[in-house]
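>>> Quick one, fold the following:
(one chain, ligands or ions: 1)
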Amino acid sequence: MIEIRKLSRSFGNLIAVDNLDLSVGNEIFGLLGPNGAGKSTTVMMLTTLLKPSSGTARVCGYDVERDSKKVRSKISYVPQDMAVDRKLTGRENVQLYAKLYGVPDRNSKVEEVLEMMGLSDRASDLVATYSGGMRRRLELAQALVHEPEVLFLDEPTLGLDVSGRKKIWEHIRMLKAEGMTIFMTTHYLEEAEKYCNRVAIIDKGRIAVVGTPENLISSIGEDASLNDVFLENVKTPEEQAGFNSTQFRNLLRRR
Ligand SMILES: Nc1ncnc2c1ncn2[C@@H]1O[C@H](COP(=O)(O)OP(=O)(O)OP(=O)(O)O)[C@@H](O)[C@H]1O
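Numbering: from 1, shown residues only. As a prediction, the model looks like this:
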């Protein structure tokens, strides 16, 4: 569903994404990495919102630069920041999207996705009155209205409480079971460990490791977790600055 070859993106002298190679099939795929690692930049290129500096990416067989319109018709993207209008009702938000995408049989499709996300009862209420979890589910409903083949999610459970996060994951898994490919970023490693079919850890624009959570964890040790895999593959700020942890502690002691 997604084929990335030697994909790079620079901002001035900064290389945000560096020579990325990755293939994603029909799965829940998690892109993990520290702040500033290049996750959002990668997602922005795959969703045609940002031009690559070099390399190629194909989504559903279409090139993100040459066939960007085709790509957009096959995907949906739920960004980190709010993607719904607080001054409209839930239903009006989804209707707006359905109209923009020229969805046939619009009204019944809108009701179907609202129902799917458990929002039918509150669909006539203003989004301003929704909880964070409901708003996230509305963003998903909106993203699903044109039946995308690939769904890109930037930190879908960020800021939600435990039950809100559980609900979002139930929906994500249901979408995968129905044949949708999910490409997501997250900082919640325990969620990625539990729910992603495969993950990649990216650091300073480069992929450090990619694989199933089970395989990555077993390569570290018996009682390990995805947190340990992450820490093993991502440089801490002091390591990036050329210190090892002992040097860093000594430096702090001297101050
Ligand atoms: N429009 C831009 N102009 C200049 N630099 C940018 C721009 N967008 C991103 N960057 C830089 O590119 C690097 C990668 O940023 P990116 O947002 O992709 O990281 P991220 O992994 O998504 O981080 P986070 O987890 O904090 O969201 C960072 O150093 C960031 O400051």
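>>> which residues touch stretch 109-124?
Contacts to stretch 109-124, defined as CB atoms under 8 Å, 6 or more residues apart in numbering, come from residues 89-91, 94-95, 98, 103, 130, 134, 137-138, 140-142, 144-145, 167, 171, 174. Using the backbone N, CA and C atoms, a C-beta is placed for each residue, glycine as well.
>>> Low-confidence bits of the stretch 151-255 of the chain, can you list those?
In the predicted model of the stretch 151-255 of the chain, residues 236-255 satisfy pLDDT under 70.
>>> ranges for the helices of it?
According to DSSP state H, counting those that start in this stretch, the stretch 151-255 of the chain carries its helices in the segments 162-177, 189-195, 213-218, 226-233, 237-240, 245-254.
>>> Just the buried positions in the fourth one, please.
Translated: helix 226-233. Neighbour counts over helix 226-233 (16 or more other CB atoms under 10 Å) mark Leu226, Val229, Phe230, Asn233 as buried.
>>> Produce a ChimeraX select command limited to the buried residues of the contacts of stretch 109-124.
To isolate the buried ones among these in ChimeraX, judged by 16+ other CB under 10 Å, type:
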select :89,90,91,94,95,98,103,130,134,137,138,140,141,142,144,145,167,171
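>>> Looking at the contacts of stretch 109-124, which are in helices?
Among the contacts of stretch 109-124, the members found in helices (DSSP state H) are 90-91, 94-95, 98, 134, 137-138, 140-142, 144, 167, 171, 174.
>>> and the closest residue to Thr157 other than its chain neighbours, how far is that from the ligand?
Distances taken as CB to CB, 6 or more residues apart in numbering put Arg165 closest to Thr157, at 4.2 Å, once the chain neighbours are dropped. Noted for Arg165: a distance of 17 Å to the ligand, by CB to the nearest ligand atom, to the nearest Å.
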